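Trainee: could you work out the structure for the sequence below:
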Amino acid sequence: MGVVISTSLLGLVGGLVVLFTALGRIPPWVGYPLGGALLFIYVLAVAAGFKSMRDFRKRRPPSISVVGLRGVVAEVEGGGWALVKIEGVYWRAYCGDCAPGDSVEVVELGDTGLVVRRRR
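Mentor: Next up, the predicted model:
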């Protein structure tokens, strides 16, 4: 079972260790390296969080990233629905006249799945 420690707690403990070392309560040869290491881990975690937040905002929405991709019909279900493999991922798609093995292209992202059309 792993131990989970909040990043804020690491920063707080690191700051307290450095503070108590500066006040003379903890020996400098123990306090400064320990407090500095904890503060360093805190700063790295905060920087990684900001970077991932920025990357998350830059991502394209699913409707833009899926439309136009090509795939292959893996299985046909009833009512025009099919299971389509696009870039190694299986999607539920609506295709009125598809058969297994047909090459298809994504036309739009609907509420219940993709809408694809057969490529000729």
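
Trainee: I figured residue 87 hits residue 70, correct?
Mentor: No. If you go by C-beta atoms under 8 Å, residue 87 and residue 70 don't touch, sitting 9.0 Å apart. For glycine as for every other residue, the C-beta is placed from the backbone atoms N, C-alpha and C.

Trainee: who has more neighbours, those two?
Mentor: Between residue 87 and residue 70, residue 70 has the larger neighbour count (other C-beta atoms under 10 Å), namely 13 against 9.

Trainee: so what's that one closest to, chain neighbours aside?
Mentor: Distance criterion C-beta to C-beta, 6 or more residues apart in numbering; nearest residue to residue 70, sequence neighbours excluded, is residue 105 at 5.1 Å.

Trainee: ok, the residue lying farthest from the centre of the chain to residue 56 distance?
Mentor: Relative to the centre of the chain, and counting by C-alpha atoms, centre = their mean, the farthest-placed residue is residue 24 at 44.9 Å. In this view, residue 24 and residue 56 are 45 Å apart by C-beta to C-beta, to the nearest Å.

Trainee: phi and psi next, for the residue nearest to residue 70.
Mentor: phi -130, psi 140 (degrees, to the nearest 10).
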